[in-house]
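my questions concern the predicted model and sequence given below.
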Amino acid sequence: MPVEVTIQKTVLAIVTDDPRKASGAPTFVVPDESRRQHVATILSRILQGQVHDLGDGMLIVVRH
């Protein structure tokens, strides 16, 4: 039987308006606020994570 490995308690992606604000995870630079929300939502569905808005133009997708 194959063993399933899942990643938990980690930042899976960062969606930001400024790449200088982010490091340590795949980063998507999206200048427009509404588009940034949309990209974060789509990524959360794909990555099976949750979106958290950190303010100042930065959202993170995490898996708890």
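It's in.

chain center to stretch 12-25, what's the gap?
8 Å (CA atoms, centre = their mean, to the nearest Å).

buried residues in it, which are they?
Within stretch 12-25, the residues that count as buried by 16 or more other CB atoms under 10 Å are 12-17, 22. For the C-beta atoms, the positions are set from N, CA and C on the backbone; glycine is no exception.

got those as TSV, with pLDDT and distance to residue 52 columns?
TSV is the format used below for these (pLDDT from 0 to 100; distance: CB to CB, whole Å):
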residue	pLDDT	distance to residue 52
12	96	11
13	98	11
14	98	11
15	98	11
16	98	13
17	97	16
22	95	13
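
now the residues you listed in TSV, with secondary structure?
Listed next are the buried residues of stretch 12-25 as TSV, based on DSSP: H, G, I helix; E, B strand; the rest coil:
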residue	secondary structure
12	strand
13	strand
14	strand
15	strand
16	strand
17	coil
22	coil
